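K.L.:
can't give you the sequence, but here's the structure:
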């Protein structure tokens, strides 16, 4: 019986091997930096609710889908352990950002600085938003990475679209439900709240589907430049 290499370093039954690059190679820290940067920007933007015609969303909707795209690259190329490490780093940095904003908010303002109210309005410490953001991110990203790696162990290099869409559907659902419920349940209610959840989930998920032509070459680019990934062998085994 042949074995498939798991993203967590273990083995399991299956044809061929599920290939993953080592999680300490040159492109990995760059991707983690981009991943964390997109997350922090999105978290700040998410404090503003936006109305687009009949739809309600938040400012984080513009960049947050890119967090999932980079997360997909990390999971697809480096596997579960490396992706989980990046997610935990992002989680820690998001918490650090929230604590930093809180400290700056309560610190005495200089007499010549008249923007305290504006600072508090935009970057003020709002416990519900912070809790919703970090927990939504943690749940959604861990689900996304886990589902993608589990599907890859069964499909190997084949059907990349299936694991990208499948993991996104599960991860975005977890993230959206957790974030919307903690952040805005009771602030917006009834049909308006349901609209917010459904539109947010549909938008983020569909956007990632639309961006598959970007995700595909991004994954291919990283695979080709990680010697430990052994892409030629992976492709031969996928078509064997």
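P.N.:
Alright, I've got the coordinates. Because the structure is predicted, anything quoted here is derived from the model rather than measured. Numbers count the residues shown, from 1 in each chain.

K.L.:
for the rest of this, base every contact and every neighbour count on C-alpha atoms.
P.N.:
Fine.

K.L.:
residues contacting residue 226?
P.N.:
Counting by Cα atoms under 8 Å, 6 or more residues apart in numbering, residue 226 makes contact with 21, 25-27.

K.L.:
who are the packing partners of the helix or strand hosting residue 195?
P.N.:
Assigned by DSSP states H and E, residue 195 belongs to helix 190-210. Helix 190-210 is packed against strand 55-58, helix 64-106, helix 160-184, with contacts defined by 3 or more Cα pairs under 8 Å, 6 or more residues apart in numbering; DSSP states H and E.

K.L.:
strand partners of the first one, parallel vs antiparallel please.
P.N.:
Strand pairing for strand 55-58, using DSSP bridges, gives strand 49-52 (antiparallel).

K.L.:
centroid-nearest residue for this protein?
P.N.:
residue 68 (3.5 Å; Cα atoms, centre = their mean).

K.L.:
do I have it right that that one meets residue 167?
P.N.:
No. Residue 68 is beyond contact range of residue 167, at 9.5 Å (criterion: Cα atoms under 8 Å).

K.L.:
tell me the contacts of residue 163?
P.N.:
Counted by Cα under 8 Å, 6+ apart, residue 163 has contacts 147-149, 151-152.

K.L.:
which one of those residues is nearest residue 175?
P.N.:
Proximity of these to residue 175 was ranked by Cα to Cα; the top entry is residue 147 with 14.0 Å.

K.L.:
the closest one and residue 52, how far apart?
P.N.:
Taking Cα to Cα, to the nearest Å as the measure, residue 147 falls 32 Å from residue 52.

K.L.:
neighbour count: those two, which is higher?
P.N.:
Regarding residue 147 and residue 52, a neighbour count based on other Cα atoms under 10 Å identifies residue 147 as having more, with 21 against 9.

K.L.:
now for this structure, the helix or strand with the poorest mean pLDDT.
P.N.:
Between all helices and strands in the chain, the lowest mean by mean pLDDT, DSSP states H and E belongs to strand 3-5, at a mean of 35.

K.L.:
a markdown table please, covering the contacts of residue 163 and showing pLDDT, distance to residue 58 and secondary structure.
P.N.:
Below are these laid out as a markdown table (pLDDT from 0 to 100; distance: Cα to Cα, whole Å; DSSP: H, G, I helix; E, B strand; the rest coil):
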| residue | pLDDT | distance to residue 58 | secondary structure |
| --- | --- | --- | --- |
| 147 | 96 | 26 | helix |
| 148 | 96 | 26 | helix |
| 149 | 96 | 30 | helix |
| 151 | 96 | 31 | helix |
| 152 | 95 | 32 | helix |
